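Colleague: Structure of the sequence below:
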Amino acid sequence: MVVVGVVIVDLTVSLDGFIAGPGDGPSAPLGRGGEPLFAWMMTGPRDPIDPRLSVVEPSRPILDEWRSGAGAIVSGRRTFDIANGWAGGHPIDAPIFVLTHQAPTSGEWSPRVRFVTEGFDRALALAREAAGDGAISLNGADVAQQALRAGVLDEIQVSVVPLLLGGGVRLFDGIGPVALEQTRVIPSDGVTHLRYRVVKE
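Modeller: Presented below is the predicted three-dimensional model:
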């Protein structure tokens, strides 16, 4: 269940903690060997709302929470570039605040995107304002790490797939120690969904 106003990172990771394999980029969004990371999203009956998704029943609560709970998204510029600006639409229909040093002046991207050049704190403030009672979902390793260092991350949800990538983009690199309280475990086909509360002093 999504908590009102929660700041959460919710990403799929390999068993050794990577969200993409080596060499990720627009031509290889998940890097070398990373394609199985999102296989769990395409193994069930076709979703009637978004045909790009097809999850099995045990994973259905994760998808439903994305849709009903997310009020805004904060993303890094690198994630935006790799996703081609979500020009075809983001699976979550919410405002997307993209952290960047300089906003692009050409190209195509989702009309839900707004570029923020004033830093993470400003992006989070704008996301909180846009989200209302909804959750703020952090998209990308760097953004998640910034939130943890700033002490503003409330929850972590990782969908762990049975894959060892051995390198690439690590979700939590150089972070810690951070105490977590496990709040939920959902085993599913080819993935285990784990949810944690970040313990704050």
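Colleague: C-terminal to the longest helix along the chain, what's the next element?
Modeller: Identified as the longest helix of the chain according to DSSP state H is helix 120-131. Going down the chain from helix 120-131, the next helix or strand is strand 135-139, by DSSP states H and E.
Colleague: average pLDDT across that next one?
Modeller: Average pLDDT, strand 135-139: 95.
Colleague: Stretch 100-120 now?
Modeller: On average, stretch 100-120 scores 94.
Colleague: With only the CA atoms kept, save that stretch in CSV.
Modeller: Output of stretch 100-120 as CSV, limited to C-alpha atoms (Å, rounded to 0.1, in the frame of the first residue of the first chain):
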residue,chain,number,x,y,z
THR,A,100,19.6,18.3,-15.7
HIS,A,101,22.4,20.9,-16.0
GLN,A,102,20.9,22.2,-19.2
ALA,A,103,17.5,21.6,-20.7
PRO,A,104,17.5,20.3,-24.3
THR,A,105,16.4,22.7,-27.0
SER,A,106,15.4,20.1,-29.6
GLY,A,107,14.1,16.6,-29.7
GLU,A,108,10.9,14.8,-28.7
TRP,A,109,9.8,13.9,-25.1
SER,A,110,6.6,13.3,-23.1
PRO,A,111,4.5,16.4,-22.5
ARG,A,112,4.5,15.4,-18.9
VAL,A,113,8.3,16.2,-18.6
ARG,A,114,9.6,19.4,-17.0
PHE,A,115,13.3,20.1,-16.8
VAL,A,116,14.8,21.3,-13.5
THR,A,117,18.2,22.9,-13.6
GLU,A,118,18.3,24.2,-10.0
GLY,A,119,19.3,20.8,-8.4
PHE,A,120,17.7,17.9,-6.6
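Colleague: So which residues make contact with that stretch?
Modeller: Residues outside stretch 100-120 that contact it (CB atoms under 8 Å, 6 or more residues apart in numbering): 74, 77, 80, 84-87, 89-90, 93-99, 122-123, 126, 143, 146-147, 150. Where you see a C-beta, it was placed from the backbone N, CA and C, and this is true even at glycine.
Colleague: same thing but at 6 Å, please
Modeller: Residues outside stretch 100-120 that contact it (CB atoms under 6 Å, 6 or more residues apart in numbering) are 77, 85-87, 90, 95-99, 122-123, 146.
Colleague: how far does that stretch sit from the chain's center?
Modeller: Using CA atoms, centre = their mean, to the nearest Å, the mean C-alpha position of stretch 100-120 is found 18 Å from that of the whole chain.
Colleague: buried set for that stretch?
Modeller: 100, 109, 110, 112, 113, 115, 116, 120 (16 or more other CB atoms under 10 Å).
Colleague: In strands, which of these appear?
Modeller: 113, 115, 116 (DSSP state E).
Colleague: out of the contacts of stretch 100-120, what pair is the most spread apart?
Modeller: Among those, the pair separated by the greatest distance (CB to CB) is 87 and 146, at 25.5 Å.
Colleague: Of the two, give the one with the bigger neighbour count.
Modeller: Set residue 87 next to residue 146 and count neighbours by other CB atoms under 10 Å: residue 146 wins out with 21 against 13.
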